[in-house]
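S.K.: got a predicted structure plus its sequence, pasted below:
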Amino acid sequence: MKFNPRSFICLAGISLLFFSPLMGQTPPSPATASQSQTGFVAPQDVSVALGSDIRLFAVMAALNLAGYDYEPAGRTMTDLRSRLRNELQPDPGLINRLQSFYRSKRKLNIDEPSQAAPYVALAFAMNKPPELDLAIPPDRLPPDVRAVADFAALAGELFRRTNIAAIAPKYAPEFDKIATTYYKPIGEMIFQVLAYLHTRPVTFVAASGAPIVKDKKGNTIGPLIKEKDRTRRMFVIVDPLSAHDTVFVRNDLINMFGLKDRLDTRVGDDYIVVVGPSDQPNMAEIKRTFLRFALDPIVEHFVNELFDPATKKPTGLTQNILNLTKQSQNIDPQLKDNVSVIVRESMVYAAEAGMARMNNREPLRGPIIDEDNQYNLSKQFDRGAVLAFHFYEKFKGLEESGIDLRDLYQTFITAVNFDVEQKRTEGFAALRAKVEARRAAERTKEIVALPGVDKATADNLDQADLMIRRGQFPQASAILNQILTNQPTNARALFGMAEITSQQPSAVEAAPKSDNDDKLVAQEERLGKALILFRQAIAAASPQYELWIKSRAHVAMGRILDFTDHREAAIAEYEEAVKIGDVPNGAYKEAAQGKDHPLLPRSGKPQ
């Protein structure tokens, strides 16, 4: 069974943009990867499919009607999500059954994205429309997905009894535009990961010889199970019907896309990342998933280091690793007692930290970056990735040698000094206190150093910032307006008011009975005011202490201008932020991304 990424276009049902391989380059070979840290690998060249999926579209449409209306604080539901709710208009009885099902499966003390996660996964275990029924027996699904398996029938009924099939093509350009913004960042990320690891991902697994079965008389009956060749796959699926900035990751089920039978592959061969709408490509979990995609075959290939090949019992190395997890303060259930995953996750976060170390272009920031890496790795140690520090140190040799990780892994895994690793936690408290104090100081040092800004004002600004992050806009506005009454050129207060204005819809926009044209006019007026406030903040910002305000304000204006279809003006703002440089607490990376990857404009028109 071979996987052709281009077939995804037809099977998904919604159009999907794929680019010519001529735009990319072949994956870096171990011999040449260390020569450059910039480049591009076409995702489809390494079995990474990017796009949308009609099954997920149908399930998320049903979930939205069932009551999934969550958005993070300060965010409003996307226009696409609202439009779909209004256009479907299914039978009220079906809506009641959808809502009743969703309510019955809710769990206490679980956030809304986590409530939705099993439904997202369920979509990939379903057949394509119009059936949209389960393609995998419920008892073969992960427990959380099995618990909501009956929702497949409701989603299928909604699909057949409404006009989803007819209206889906209308949404295709919007889905495609979002997918397009991910193509270049994913290709660049793939290159960087493979260049760092000096390896190629395993995408094809040939069938191994199945054990021969004989009867009691010694006659050969045949192989117990005839194995098949397998293709390992990674899917990045855009989902504008989910909440902003949500990411769902699964590797514990088979994506039935492109398969005739679930036995055509096996659990663990498919890596699925579903990304909700975001202002910029949400790459962190995509990168970690691709690291897992590249690293898992290496761990599996050398599994004899962890389990005796004859007895299948854990080796002494495995026992030592499991003993080390007893020091983890907040161990992830997926890592507990699963030594292969512990090793894999340790390498994932060690590689992430190692790449941050290598990508540093400012020698003076080296110690700070290493300190931040150590801080982050301490959090992963507590989660159960107890060899993260060990691999972080060993990967220095990988960076310097240019040798394929596959050739070094066995040396790395057998060289763990458990006496050293047992003592890691002794320094965690001091490390975290130091890093958190430094980060807090970086956030406030600009303010307390400004002439005329006393400690009380700084504290009030901190409180307003916190309220803005929580979406408590009226309370934050009251604090900031009081500050601006006495200090009309306080750059941080102006910036805060600009943030609130850009995020909080006006009364006309929020009123359900408002005319759409009136809403658009009100939105334009509000965003225009936000642009004025951001410009005032830039003009007032101290060139010595408040470059971060200038940086973030330029990016914020660029995003507004992108949203309102003024791409050239948006690029000019992003370029101003880039000129400022990578200042602490600034938005340099967002500015660089914004130049290449605009926000989806309000009109949905191609740029």
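M.R.: Nice, I can see it. Numbers count the residues shown, from 1 in each chain.

S.K.: use CA for all of it now, contacts and neighbours both
M.R.: OK.

S.K.: surely residue 61 meets residue 240?
M.R.: No - in this structure, residue 61 is not within contact of residue 240 by Cα atoms under 8 Å, at 10.4 Å.

S.K.: break down the stretch 51-200 of the chain into its helices, ranges please.
M.R.: Listed in chain order, the helices found in the stretch 51-200 of the chain under DSSP state H, counting those that start in this stretch are 54-66, 79-88, 92-104, 112-123, 143-146, 151-161, 164-197.

S.K.: could you dump these to a markdown table with mean pLDDT, distance to residue 543 and mean neighbour count?
M.R.: Shown next, in a markdown table, are those (pLDDT from 0 to 100; distance: least, Cα to Cα, whole Å; neighbours: other Cα atoms under 10 Å):
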| stretch | mean pLDDT | distance to residue 543 | mean neighbour count |
| --- | --- | --- | --- |
| helix 54-66 | 95 | 47 | 24 |
| helix 79-88 | 85 | 38 | 14 |
| helix 92-104 | 95 | 53 | 15 |
| helix 112-123 | 95 | 41 | 21 |
| helix 143-146 | 96 | 53 | 16 |
| helix 151-161 | 95 | 56 | 21 |
| helix 164-197 | 91 | 32 | 20 |
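
S.K.: count the neighbours of residue 440 for me.
M.R.: 10 (other Cα atoms under 10 Å).

S.K.: list phi and psi for it.
M.R.: Note on residue 440: backbone dihedrals following degrees, to the nearest 10 are phi -70, psi -40.

S.K.: what's the answer for residue 274, then?
M.R.: For residue 274, the backbone dihedrals (degrees, to the nearest 10) come out as phi -110, psi 120.

S.K.: what sits opposite it in the beta ladder?
M.R.: Going by DSSP bridges, residue 274 is paired in beta bridges with residue 237, residue 248.

S.K.: distance-wise, check it relative to residue 86.
M.R.: Remark: distance between residue 274 and residue 86 (Cα to Cα, to the nearest Å) = 24 Å.

S.K.: and for residue 506?
M.R.: Distance from residue 506 to residue 86, by Cα to Cα: 22 Å.

S.K.: next: residue 413.
M.R.: Taken as Cα to Cα, the span from residue 413 to residue 86 is 56 Å.

S.K.: hmm, back to that, for the helices of the stretch 51-200 of the chain, which one sits closest to residue 39?
M.R.: Comparison of the helices of the stretch 51-200 of the chain against residue 39 by Cα to Cα identifies helix 164-197 as nearest, at 5.9 Å.

S.K.: so how far is the closest one from its chain's centroid?
M.R.: Centroid separation between helix 164-197 and its chain, computed with Cα atoms, centre = their mean, to the nearest Å, is 13 Å.

S.K.: and if you look at stretch 103-119?
M.R.: Centroid separation for stretch 103-119 versus its chain: 19 Å, with Cα atoms, centre = their mean.

S.K.: poorly predicted segments of the chain, please.
M.R.: Residues of the chain meeting the criterion pLDDT under 70: 1-38, 73-74, 209-226, 442-453, 599-607.

S.K.: ok, now which ones touch the residue nearest the centre of it?
M.R.: What sits nearest the mean C-alpha location of the chain, by Cα atoms, centre = their mean, is residue 285, with 3.5 Å. Going by Cα atoms under 8 Å, 6 or more residues apart in numbering, residue 285 touches 247, 249, 273.

S.K.: quick check: residue 435 vs residue 180, distance?
M.R.: The gap separating residue 435 from residue 180 is 37 Å, by Cα to Cα.

S.K.: residue 305 too?
M.R.: 42 Å.

S.K.: same check on residue 92?
M.R.: Plainly put, residue 92 is 37 Å away from residue 180 if you go by Cα to Cα.

S.K.: same thing with residue 369?
M.R.: Per Cα to Cα, residue 369 is found 32 Å from residue 180.

S.K.: what do you get for residue 470?
M.R.: Residue 470 is 31 Å from residue 180, by Cα to Cα.

S.K.: re earlier: the residue nearest to the centre of the chain sits in which helix or strand?
M.R.: Using DSSP states H and E, residue 285 maps to helix 284-301.

S.K.: residues near the nearest residue to residue 473 once chain neighbours are set aside, how many?
M.R.: Once flanking residues are discounted, residue 473 sits nearest to residue 500: 6.2 Å by Cα to Cα, 6 or more residues apart in numbering. Residue neighbour count, defined by other Cα under 10 Å, stands at 21 for residue 500.

S.K.: residues contacting residue 500?
M.R.: So residue 500 contacts 468, 473, 477 (Cα under 8 Å, 6+ apart).

S.K.: which elements pack onto the helix or strand where the first one lies?
M.R.: Secondary structure from DSSP H and E places residue 468 in helix 455-469. Judged by 3 or more Cα pairs under 8 Å, 6 or more residues apart in numbering; DSSP states H and E, the packing partners of helix 455-469 are helix 428-448, helix 473-486, helix 491-503.
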